[in-house]
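[1] Next comes the sequence, and after it the predicted model I'd like to discuss.
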Amino acid sequence: MTKTTGAGSPTNTDTSAGANTSADTSAGAGTSAGAGTSAGTGTGTGTRSSGPAAAAPPGLREFYENPAVPVASGDARSLRQARMLAAALGPAAARPAVVLDVGCGDGTAAAAAAPLLAGHRVIGVDWSQDALRRARTRLPDVVRGELTAGRLPFRSGVADAVLFSEVVEHLVDPDSALDELRRVLRPGGHLMLSTPNLAAWYNRALLLAGVQPVFSEVSLRGIHGRPGSEVVGHLRLYTARALREFVAASGFEVVRVAGAPFHGVPRPLRPLDRLACAAPSLSSILLLHARRM
């Protein structure tokens with residue numbers, strides 16, 4: 001069984017299907033997060049996450065640990081991503097899979113996906129102790145870990161799939177993060193990554209008008225030059241083409257890129273936002289399915 005971790009407590013984590021992993025998930029395990037933990041998309045669509053290799057400034061770590069920072073994922077994105085993963089894994093009766101939700105935040109997204117992943121084992125992983133306390137109310141298994149040079153607290157090749165939802169846009173070093181995700185995945189294992197789309201249909205119009213795109217941020221203290229009011233710490237944004245190339249360059253075979261709507265779109269424009277999902281390059285949220293080569 002997976003033990004939830006607290007500061008200073010080493011654990012042994014059995015990630016199942018017969019795979020035992022040793023984990024030191026104490027407060028000092030790994031290295032400091034470069035971007036701290038993920039807190040959501042530009043107006044609150046994402047999850048908290050572990051950080052990359054470079055050390056985060058104290059103020060940035062405090063920002064991501066702040067429980068007031070939005071962490072809830074949009075249900076539409078969570079469900080579309082879960083359907084993609086369920087189709088890739090197949091029925092749990094055949095062989096229950098180990099799924100790591102890296103950057104699980106408060107567990108909301110994993111809980112929404114749970115009915116579609118019945119029988120498979122989902123383990124929530126996050127750096128934020130506050131997020132993990134809340135995730136424990138929704139997930140049976142949570143582990144503290146960071147995407148750092150110190151590695152996630154799992155043995156190489158232990159996971160059948162990794163959920164990486166609204167995390168990559170918060171990272172200083174996304175290259176090292178994908179290297180670590182590739183390490184914990186078995187050959188042929190699935191990566192399900194989601195992130196806001198820099199080239200979303202409305203962002204194209206905003207840029208033409210000289211307005212800062214939605215999801216982008218220039219400060220941790222406030223929103224400047226774009227619609228919205230919530231600051232969540234985005235450091236990087238991707239187009240569909242850039243995301244494909246980035247993931248492929250990290251040793252994955254891209255299977256599919258799909259689109260998902262954004263719950264922060266004004267209500268009158270939501271039908272158009274759902275329609276844009278048919279063309280992922282225009283959609284609000286990018287959903288990428290890749291396999292470890």
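    Thanks, I have the structure now. Numbering: from 1, shown residues only.

[2] Any idea what the residue nearest in space to the middle of the chain is bridged to?
    When CA atoms, centre = their mean is applied to the chain, the residue found nearest the centroid is residue 165 (2.5 Å). In this structure, residue 165 bridges to residue 194 when assessed by DSSP bridges.

[3] close enough to count as contact, it and residue 194?
    Yes: counting by CB atoms under 8 Å, residue 165 does reach residue 194; the two are 4.8 Å apart. (C-beta placed from N, C-alpha, C; glycine too.)

[4] Now list whatever residues contact both of these two.
    77, 81 (CB atoms under 8 Å, 6 or more residues apart in numbering).

[5] separation between the residue nearest to the centre of the chain and residue 93?
    In this view, residue 165 and residue 93 are 26 Å apart by CB to CB, to the nearest Å.

[6] From residue 130, how far off is residue 273?
    31 Å.

[7] more crowded one of these two?
    More crowded of residue 273 and residue 130, by other CB atoms under 10 Å: residue 273, with 24 against 18.

[8] Quick one: classify the more buried one as helix, strand or coil.
    Secondary structure state of residue 273, per DSSP: H, G, I helix; E, B strand; the rest coil, is helix.

[9] Repeat that for residue 189.
    Following three-state DSSP, residue 189 is assigned to strand.

[10] In contact with it, which residues?
    For residue 189, the contacting residues are 157, 159, 160, 161, 162, 291, 292, by CB under 8 Å, 6+ apart.

[11] Before we move on, what's the pLDDT of it?
    On pLDDT, residue 189 comes in at 98.

[12] Give me the phi and psi for the closest residue to it other than its chain neighbours.
    Take residue 189 and drop its neighbours on the chain: the residue closest to it by CB to CB, 6 or more residues apart in numbering is residue 292, 4.8 Å away. For residue 292, the backbone dihedrals (degrees, to the nearest 10) come out as phi -70, psi 130.

[13] repeat for residue 196
    phi -60, psi 150.

[14] excluding its backbone neighbours, what's nearest it?
    residue 215 (4.0 Å).

[15] from what I can see that neighbour touches residue 206, true?
    No: in this structure, residue 215 is not within contact of residue 206 by CB under 8 Å, at 10.6 Å.
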